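Engineer: heads up, no residue letters with this:
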């Protein structure tokens, strides 16, 4: 089956129950771990843009201090949109800057790149989970379509003429 929407070819007919079970096997799907996906996407885009800016120009003390605060605020805002499991993971990975010292350009680049990488991994996980759910739904729909035809009718008519005493094959309205 080839779908015109996404050019994905599914070969064979996977059992929808198996696909649905595979999707449901995760105790909590990655899509359930993001309570506010739009907020997480906005913050992720902003952080990625900030990383590009940090790479592009040298920063003075005031701008590095400002970026440290933006980084801290961004992480706090991200945590508001995440489930507790992802919050804990983000806490373990995003180590805070020291309060008394201004971070260097390199420290800021590393922290921003780490956060961008984590967010991209999160987005890829969400896309993968959504794709698996979509494939399970397609397989289930296909199974329902095949199960809705009466026994003996495959949706194709037999070639050849029917005689005067023989009923024709095909669908009747």
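Structural biologist: Cool, got the structure. These numbers were taken from a predicted model, which means no experiment stands behind them.

Engineer: Quick one: list the elements packing against the helix or strand containing residue 144.
Structural biologist: Residue 144 is located in helix 105-148, with elements delineated by DSSP states H and E. Other elements packing on helix 105-148 under the criterion 3 or more C-beta pairs under 8 Å, 6 or more residues apart in numbering; DSSP states H and E are helix 16-24, helix 37-56, helix 61-80, helix 84-93. Just so you know, the C-beta spots here come from the backbone N, C-alpha and C atoms, and that holds for glycine as well.

Engineer: The ones you listed: which one's closest to residue 99?
Structural biologist: Of all the helices and strands packed on helix 105-148, it is helix 61-80 that lies closest to residue 99, at 9.3 Å by C-beta to C-beta.

Engineer: for that closest one, packing partners?
Structural biologist: In terms of contacts (3+ C-beta pairs under 8 Å, 6+ apart), helix 61-80 is packed against helix 37-56, helix 84-93, helix 105-148.

Engineer: The ones you listed into JSON lines, with extra columns for mean pLDDT?
Structural biologist: Listed next are these as JSON lines, based on pLDDT from 0 to 100:
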{"stretch": "helix 37-56", "mean pLDDT": "85"}
{"stretch": "helix 84-93", "mean pLDDT": "90"}
{"stretch": "helix 105-148", "mean pLDDT": "88"}
